[in-house]
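Chemist: Could you work out the structure for the sequence below:
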Amino acid sequence: MASRIKIKTTEGDIIVRLYDETPLHRDNFIKLASEGFFDGTLFHRVIKDFMIQGGDPESKGAPAGKNLGAGGPDYTIPAEFVYPQLYHKRGALSAARLGDEVNPNRESSGSQFYIVWGDTVKSQELKQLERQMAMQQEQTVFNQITQEHKAELMDLRRNRDREGLQALQEKLVNDTKAKCKEIGIPKFTAEQIETYTTIGGTPYLDNQYTVFGEVESGLDVVEKIQNCETSRNDRPKTDISMTVEIM
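Modeler: Numbers count the residues shown, from 1 in each chain. From the prediction side, this is the model:
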């Protein structure tokens with residue numbers, strides 16, 4: 001299975017290795033590249049010190065000022081979080097997606113991707129992030145467990161059974177704590193801490209978006225693109241187009 005791709009841009013070439021640990025994303029990207037899907041598309045969303053995003057088919061030949069970022073094939077890809085092994089270090093290739101409110105399973109866009117630039121982060125900021133991640137995990141688990149007891153909850157509410165509701169609430173909280181203990185408290189690994197504090201990345205996106213590859217060469221091109229001048233909607237003022245080929 002070919003797992004290296006070349007993104008040829010007007011600013012230079014970026015060589016990316018696709019991860020075998022995320023086969024759905026790898027195979028989809030290779031399929032689209034082999035069909036010429038990306039050829040002529042733009043890096044339509046560029047945010048300095050954050051990332052460069054492309055893969056919207058509607059960006060091909062798009063006139064200046066056109067709002068971009070909603071296009072793609074008519075499917076999404078199930079999330080493939082391989083964490084903490086694959087994370088948002090500088091140069092990571094990740095899948096864009098719609099927000100949690102309309103996409104609770106965090107499924108990826110069929111074609112839109114971004115390459116991380118990010119910034120270096122202080123170790124105390126990572127500690128703060130760990131606390132937020134633990135709270136987020138607890139909330140997610142609690143919501144899942146509550147969903148499983150939905151019918152029971154509705155019955156108790158219908159019957160105005162306050163004692164029953166109180167008892168069930170306590171059970172849900174205890175089950176949540178037990179489940180979180182079983183999963184383990186989210187923590188950054190020594191490798192992540194080293195990378196995020198010295199090289200840079202976007203640690204707050206970990207476990208939120210699927211990371212499915214990394215830049216092997218051409219990081220200077222990514223740097224050049226993320227430094228370009230953009231208009232108000234983050235689109236580069238001078239179009240940066242690409243062609244993608246399998247190596």
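Chemist: what helices or strands is the longest helix seen in the chain leaning on?
Modeler: Secondary structure of the chain per DSSP state H: the longest helix is helix 123-148. Secondary-structure packing of helix 123-148 (3 or more CB pairs under 8 Å, 6 or more residues apart in numbering; DSSP states H and E): helix 162-183, helix 190-198. For every residue, glycine as well, the C-beta is placed using N, CA and C.
Chemist: Rounded mean pLDDT for that helix, please.
Modeler: Averaged over helix 123-148, pLDDT sits at 93.
Chemist: just to revisit the earlier point, tabulate the helices and strands packed on helix 123-148 (CSV), appending distance to residue 29, mean pLDDT and mean neighbour count.
Modeler: Output for the helices and strands packed on helix 123-148, formatted as CSV (distance: least, CB to CB, whole Å; pLDDT from 0 to 100; neighbours: other CB atoms under 10 Å):
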stretch, distance to residue 29, mean pLDDT, mean neighbour count
helix 162-183, 30, 94, 13
helix 190-198, 23, 97, 16
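Chemist: Residue 153 against residue 145, yeah?
Modeler: No - using CB atoms under 8 Å, residue 153 makes no contact with residue 145, being 11.0 Å away.
Chemist: Which residues are in contact with each of the two?
Modeler: Common contact partners of residue 153 and residue 145 (CB atoms under 8 Å, 6 or more residues apart in numbering): none.
Chemist: how near is the residue lying farthest from the centre of the chain to residue 152?
Modeler: Distance from the C-alpha centroid of the chain, by CA atoms, centre = their mean, peaks at residue 159 (43.1 Å). Separation of residue 159 from residue 152 (CB to CB, to the nearest Å): 11 Å.
Chemist: any weak-confidence spans in this protein?
Modeler: Along the chain, segments meeting pLDDT under 70 span 1-2.
Chemist: Strands of that one, residue ranges please.
Modeler: Per DSSP state E, the chain carries strands over the ranges 4-9, 12-18, 43-47, 51-54, 76-77, 92-95, 108-109, 113-116, 211-217, 242-246.
Chemist: what lines up beside the first one in the sheet?
Modeler: This means strand 4-9. strand 12-18 (antiparallel), strand 242-246 (antiparallel) (DSSP bridges).
Chemist: ok, and the closest non-adjacent residue to the residue nearest in space to the middle of the chain?
Modeler: Centroid-nearest residue in the chain: residue 209, 2.1 Å away (criterion: CA atoms, centre = their mean). Closest residue to residue 209 apart from its sequence neighbours, by CB to CB, 6 or more residues apart in numbering: residue 94 at 4.9 Å.
Chemist: I figured the one you found was touching residue 118, is that so?
Modeler: No - if you go by CB under 8 Å, residue 94 and residue 118 don't touch, sitting 11.1 Å apart.
Chemist: what is in contact with those two at once?
Modeler: Common neighbours of residue 94 and residue 118 (CB under 8 Å, 6+ apart) are residue 88.
Chemist: who has more neighbours, these two?
Modeler: Using other CB atoms under 10 Å, the more surrounded residue of residue 94 and residue 118 is residue 94, with 25 against 22.
Chemist: Who is that one paired with across the strands?
Modeler: The residues listed as beta-bridge partners of residue 94 by DSSP bridges are residue 114, residue 211.
Chemist: what about it, distance to residue 3?
Modeler: To residue 3, residue 94 is 16 Å away according to CB to CB.
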